[in-house]
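Undergrad: kindly generate the corresponding structure for this input.
(chains A and B)
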Amino acid sequence: MGIFETLKKYKWMVPLISNADRDIKRILLKNVRYKKKNFFPEVDVKADVKNLINCMLCPNMCRFDCGSLQAAQKESMAPAYKARIGYYLTMGLIDPTDPANKEFINLMYMCSNEENCKIFCPFEFSVVSLLETVRDDINDMGLMPDYLKPMIDNLHKTETIEDHNIYKTYKEKGIKNIETDGNDEVFYYIGCESMKFPEVVKANIEILNKAGVKFSTNLEKKMCCSGPMFNIRDLETGKKFAQKNKELIESTGAKIVVSDCPGCVLTLTNSYENVGVKIKTPIIHIVEYFKKLLEEGKLKPEKTIQDDLKKVTIHDPCLIARNLKDTTSIRAILNKIPGLELVEPICNKENTHCCGWSGTLHWADKEIAIKEASNRVNELKETGAEVFISACPLCELGLGYGVQKEEKEKIKILDISELLLKVI
Amino acid sequence: MDFKDFELIYKTNRCEIKDKQKIKLKLSEAVGKKNVSDDDIDILAYTKDATLITLNWSIQGIIAGLPDFITYPETPEQISKILKLANEEKIPVIPYAEGSGVVGGAIPVYGGIIVDMKKFNKILKISDKNLTVTVETGINGMNLERYLNAKGYTSGHIPQSLYTSSVGGYIAHRAAGQFSTKYGKIEDIVLGIEIVLPKGDIIEFKTMAAASTGPQLEKMFIGNEGTLGIVTKATLKIWPYPEKRALLSYAFPTIEDSLEACRNILRKQIYPAVVRIYDDKETKRHFGKVKENVMVVFVCEGNEKLVDLEETVTRKVCIENKGVDCGIEPVEHWFESRFRVKETSMFPPYKMVADTIEVAIMWDKAAELYYKVIEETSKVKGNLLISAHISHFYPNGVGYYFTFGGVPPKDKSDFDFYKECWDVTVKTVLDIGGSFGHHHGVGINRAHWMAREWGKSFETMKEIKKLLDPNNILNPGKIYESIWKEQGGVS
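TA: As a prediction, the model looks like this:
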């Protein structure tokens, strides 16, 4: 809300204040003047104190849709409580340097970044956007939780967050690498997590081939987009990889970058821009690109889908539905598949629920992340479909954790590309 | 973390637990190790509910109450075991679900064991034929309503706290939703309950549309605020999702005109789901400049033909009572803004103290109550704002929602100022013959007025409490005890 709107909204208070007794007016004016002194830290901090206060004093209007709270079922996971603790850590009401308060620091990482809180927030922010600012101060004090540090070390050593460079495993996984000749139409930017699902990567490559697209994958030079660094808030490492990725992307001469990971898309665009690295090449998620290829007639779904894959439901990845604001591409592709029956879950599109595997929650408390995943699996099962379609490697990973052992055979979690490939 | 660094408001008569390790072990035996915590991070989370003064305290690093243990039971049998242990050890037990109460009902004023009901979150059954839903009571209101909507129904119980409250909380505090003129309050909606009594017995009142089998004992547990038992399961009425919705608004010159219009609408047996009258201050606050002073919004919903009829009659009666048609925009504005609560965050950083107090009155004194409360509460030194809307309507009376806000004068703490505003309002309501609470319950804030509200029947109520809970372990410090009075400063 701009200053004009704020003044307009609170205009009704003017006569109330002007009619007050002089001593009360004086107290009120003093309270206004000393607001910062009373309730803001004396030293400069990175924490967004103003909005931490807004959040901690809110009656928790987003709590019903907070995936981590719904998974943990503990008041200590409530969004406003996280903000309250963030505020206390910032103000020193809880001493962040006291080892006994480690769990309070840990709470600042207990979020799966799903950001549906933002939909219901009267102030229109997401809780994680506040927690990240608290994490910045935690890092400056050298108090980053130990379980996050291996990710940074790995990135420096292997250029991915794994203990080995996962891209170099392409040969053993049967993935065809295409190095750029500097004149590509498309750079198919494969996410680290996607490399854990070689069938998805292979399907994407085959679909691009079938559509006659000239593209490269550059797996010999490929590295992580450094998305996790922006969650952990090691922005220096994040920026270093932003530069490297920018150089790699520009070296391909590609007119467009398409990625199979929405986390990569958001990192290469929004996160990089936040640290001053702008990549001019358009970067989109692969579902948007496939939708375009279908519309242009370059992909023609002609075969009828096999019986065991006929009834499907969609798991909209948070990052595509809410952050990239695209809920139409997945559906446009599915609607072109002959014979497919699509059953929508209750919480879908921009109201989708998280798979548990975005953000830092799955590192901070894997058990809660798995519970969040299993909550989402239960919602998808409610549709009666046993085939879950998604378009994000993190979701496939998370949902996989959420499926009970005895259901592993029955429930299929597929990337949309795997389904599309079967009918073109 | 050391909690001694935090000032504690409710610190007298705290329960003494000599061997905390022993109790923790016994609680673990009752509910499983993973369902018990005395970790600082959990303890701090249950030191307040949504009572507005606790927000002023929160930002100052002050806590209202301090529990000793948090438990997360999953079955009524586990709750039963906790209660049996609590009786043996004389430790208070405080039920907690979404923590949205605004009268201190979930604050552990003497310490003790919190029973967090969040794991009771299942929707067990929808019966289309009977039009009922059976749920575990820890379920969040919005998560239930969203599910019902997807299946083609509504619970009809849509309070402003929908996103942040639970079915158990509604039942405990005898809540009302904003659509209550059509669908009723929670006591009209609940058809059957399962409850764990203070000594650990689990009893069930079967679901029935109507019966004549002795007194309606189950009603005694609706509004018990966790003092007579913990409701674990409930069967509620549901309705087919309305096929049509009509939005109307009229502005009136005075409160009296608007009240007369609404009274006559209901007298004609027309029940819009939503009826809300805003006084001149709230009209300006919510709707900007309106030529007439008092805005009234209506929502009629349900069967198409019935909605058409309700709309026609409502319009006619409004016009007959000097109402001026303001179109659908004010109602759309209400729909868009009703869950976007910013005010609770805005005032505490300026050390301003605010709250809302909902009360009930019969039609014959409805206008008088408004003017009298405004007059009396305006006299409280430091109070800058006193306004009201009338949010719940019945053929025989209404529910008011007063808002106060101000800054404590130099010689008063925020808590004393808060208590004074509450007490002046409540006393005025009781003097006129109204009820001090319409849908938020008694909790701590109004417990010291119970003897006046109930008269001699309060003694009977106390006897019942003593009979069911001889050790006074279930949510002590609420309803039957006057903690504010004990701490001084209250009439």
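Undergrad: chain center to stretch A:156-175: distance?
TA: Using CA atoms, centre = their mean, to the nearest Å, the distance from the centre of stretch A:156-175 to the centre of the chain it belongs to is 22 Å.
Undergrad: measure A:I413 to A:L380 for me?
TA: The spacing between A:I413 and A:L380, counted by CB to CB, to the nearest Å, is 9 Å. Bear in mind the C-beta positions are built from the backbone N, C-alpha and C, glycine included.
Undergrad: quick one: secondary structure of B:R245?
TA: For B:R245, the secondary-structure state derived from DSSP: H, G, I helix; E, B strand; the rest coil is strand.
Undergrad: I'd say it and B:C300 touch.
TA: Yes: using CB atoms under 8 Å as the test, B:R245 is close enough to B:C300 to be in contact (7.2 Å).
Undergrad: okay, and the common contacts of those two?
TA: With CB atoms under 8 Å, 6 or more residues apart in numbering or on different chains applied, the overlap between the contact sets of B:R245 and B:C300 consists of B:V307.
Undergrad: how close does the closest residue to chain B within the stretch 301-424 of chain A get to B:G156?
TA: In the stretch 301-424 of chain A, the residue that lies nearest chain B is A:I346 (4.3 Å; CB to the nearest CB). Applying CB to CB, the value for A:I346 to B:G156 is 19 Å.
Undergrad: of those two, which one has the most company?
TA: With neighbours defined as other CB atoms under 10 Å in any protein chain shown, A:I346 and B:G156 compare such that B:G156 has more, 22 against 16.
Undergrad: name the nearest residue to that one, sequence neighbours excluded.
TA: When the adjacent residues along the chain are set aside, B:G156 lies closest to B:Y183, with 2.9 Å between them (CB to CB, 6 or more residues apart in numbering or on different chains).
Undergrad: what residues does the stretch 201-350 of chain A put near chain B?
TA: Applying CB under 8 Å from any CB of the partner chain, one finds that the stretch 201-350 of chain A approaches chain B through A:346-347.
Undergrad: again, 10 Å this time
TA: When proximity is defined as CB under 10 Å from any CB of the partner chain, the stretch 201-350 of chain A approaches chain B at A:344-347.
Undergrad: out of those, which are buried?
TA: Buried members of those, counted by 16 or more other CB atoms under 10 Å in any protein chain shown: A:345-347.
Undergrad: residues in contact with residue 193?
TA: All of this is about chain A. Residues touching A:E193, when contacts are defined by CB atoms under 10 Å, 6 or more residues apart in numbering or on different chains, comprise A:160-162, A:166, A:224, A:227, A:260-261, A:263-264, A:357, A:392-397.
Undergrad: my bad, the chain I had in mind was chain B
TA: B:137, B:171, B:203-207, B:218-219, B:221-222, B:229, B:231-236.
Undergrad: the same query, at a cut-off of 8 Å, please.
TA: Applying CB under 8 Å, 6+ apart, the residues contacting B:I193 are B:171, B:204-205, B:218, B:221-222, B:231, B:233-235.
Undergrad: same thing with B:L197?
TA: B:L197 is in contact with B:83, B:203, B:228-229, B:468, counting by CB under 8 Å, 6+ apart.
Undergrad: same check on B:I171?
TA: Listed by CB under 8 Å, 6+ apart, the contact partners of B:I171 are B:137, B:186, B:190, B:193, B:221-223, B:231, B:234.
Undergrad: which parts of the stretch 51-200 of chain B sit against chain A?
TA: Within the stretch 51-200 of chain B, the positions lying close to chain A (CB under 8 Å from any CB) are B:55, B:58-59, B:61, B:70, B:72, B:96, B:98-100, B:116, B:118-119, B:121, B:140-143, B:146-147, B:150, B:161, B:163-164.
Undergrad: filter the residues you listed down to the ones in helices?
TA: Using DSSP state H, the members of these that fall in helices are B:55, B:58-59, B:141-143, B:146-147, B:150.
Undergrad: domain map for the chain?
TA: Answering for chain A, as no chain was given. Partitioning chain A according to automatic domain parsing yields domains covering residues A:34-144, A:167-294, A:301-421.
Undergrad: chain B was what I was after
TA: Dividing chain B into domains by automatic domain parsing, as the record does, gives the ranges B:3-115, B:123-240, B:244-337, B:343-486.
Undergrad: and the contacts of B:I193, which of them are buried?
TA: Looks like those have B:171, B:205, B:218, B:221-222, B:231, B:233-235 buried, using 16+ other CB under 10 Å.
Undergrad: hang on, the earlier thing: could the ones in helices among the residues of the stretch 51-200 of chain B next to chain A go into a markdown table alongside neighbour count and pLDDT?
TA: As requested, these are arranged in a markdown table below (neighbours: other CB atoms under 10 Å in any protein chain shown; pLDDT from 0 to 100):
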| residue | neighbour count | pLDDT |
| --- | --- | --- |
| B:L55 | 24 | 97 |
| B:S58 | 21 | 97 |
| B:I59 | 21 | 97 |
| B:G141 | 25 | 98 |
| B:M142 | 20 | 98 |
| B:N143 | 21 | 98 |
| B:R146 | 17 | 97 |
| B:Y147 | 20 | 97 |
| B:A150 | 14 | 97 |
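Undergrad: before we move on, back to that, from the residues of the stretch 201-350 of chain A next to chain B, which single one is nearest A:K240?
TA: Of all these, A:K240 sits closest to A:C347, with 37.8 Å by CB to CB.
Undergrad: what about the longest helix in chain B?
TA: Once chain B is assigned using DSSP H, the helix that runs over the most residues is helix B:414-432.
Undergrad: how far does that helix sit from the chain's center?
TA: Between the centre of helix B:414-432 and the centre of its host chain there is 18 Å, according to CA atoms, centre = their mean.
Undergrad: and A:R22, how many neighbours?
TA: By the other CB under 10 Å criterion, the neighbourhood of A:R22 contains 7 residues.
Undergrad: list the contacts of it.
TA: Contact analysis of A:R22 by CB under 8 Å, 6+ apart lists nothing.
Undergrad: fine, thanks again, bye for now.
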